[in-house]
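In: make a model of this:
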Amino acid sequence: AGEALAARQAGLLAGVRRELAASPEVLRAGAMEAWDAARGVWVPDRFVLTRAGFLHRLARSPGGDPEVSMVQGPPTPVLAESVALARCAFEQGEAPVFRLVETAAGSLARSLFLAPRTRARTFRTASVEECMDWAIALREVLAACTR
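Out: Below is the predicted model of the structure:
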């Protein structure tokens, strides 16, 4: 019974991956590492960049695969975190590393009297070429967000 369930889950996960790859809303998807400053380590994750201007990090199951929800309808990936790129700036690092710096949206009083809060996320890809591909895609989305 356990093997049958594992095989079914693997099949559903493969279907979700195919749907993500074929979706016109997905501009880029793939593996990157995110820097965890609290632990001082690179954490491998899967990310999806969407036409709507978001970079999503997919949640992971205990086995390391992206987590899938089967509640209400077809299986869908579970998002662990989403970054609204309209509030971000791209900072080139030494490839294959780059950063997204997010400025928190706040009130007019906050922006006039206090420095805006920022949060930087650092990413690393497997190669310089992959870093360039992510950088191009992210910059295109950032440019579209500011139009």
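In: just checking, Leu142 touches Cys88?
Out: Yes. The criterion here is Cβ atoms under 8 Å, and Leu142 meets it with Cys88 at 6.7 Å. (Glycine included, C-beta is placed from N, CA and C.)
In: in terms of neighbours, single out the busier of these two.
Out: Remark: of Leu142 and Cys88, Cys88 carries more neighbours, 23 against 16, as counted by other Cβ atoms under 10 Å.
In: ok, what's across the strand from that one?
Out: Glu102 (DSSP bridges).
In: next, give phi and psi for Ala95.
Out: Backbone geometry at Ala95, expressed as degrees, to the nearest 10, gives phi -50, psi 140.
In: and it, what does it touch?
Out: With contacts defined as Cβ atoms under 8 Å, 6 or more residues apart in numbering, Ala95 is in contact with Val128, Cys131, Met132.
In: may I ask which helix or strand of this structure has the lowest mean pLDDT?
Out: helix 108-113 (a mean of 50; mean pLDDT, DSSP states H and E).
In: and after that helix, which helix or strand comes next?
Out: The first helix or strand that comes after helix 108-113 along the chain, using DSSP states H and E, is strand 118-124.
In: give me the buried stretch members for that next one, please.
Out: Residues of strand 118-124 classed as buried by neighbour count (16 or more other Cβ atoms under 10 Å): Arg121, Thr122, Phe123, Arg124.
In: show me what that strand is packed up against.
Out: When contacts are defined as 3 or more Cβ pairs under 8 Å, 6 or more residues apart in numbering; DSSP states H and E, strand 118-124 packs onto strand 26-36, strand 97-103.
In: Arg147 is nearest to which of the ones you listed?
Out: Minimum separation from Arg147 across those (Cβ to Cβ) falls at strand 26-36, 15.9 Å.
In: the next helix or strand along the chain from that closest one - contacts with which helices or strands?
Out: Downstream of strand 26-36, the next assigned helix or strand under DSSP H and E is strand 41-50. Secondary-structure packing of strand 41-50 (3+ Cβ pairs under 8 Å, 6+ apart): strand 26-36, strand 54-58, helix 128-145.
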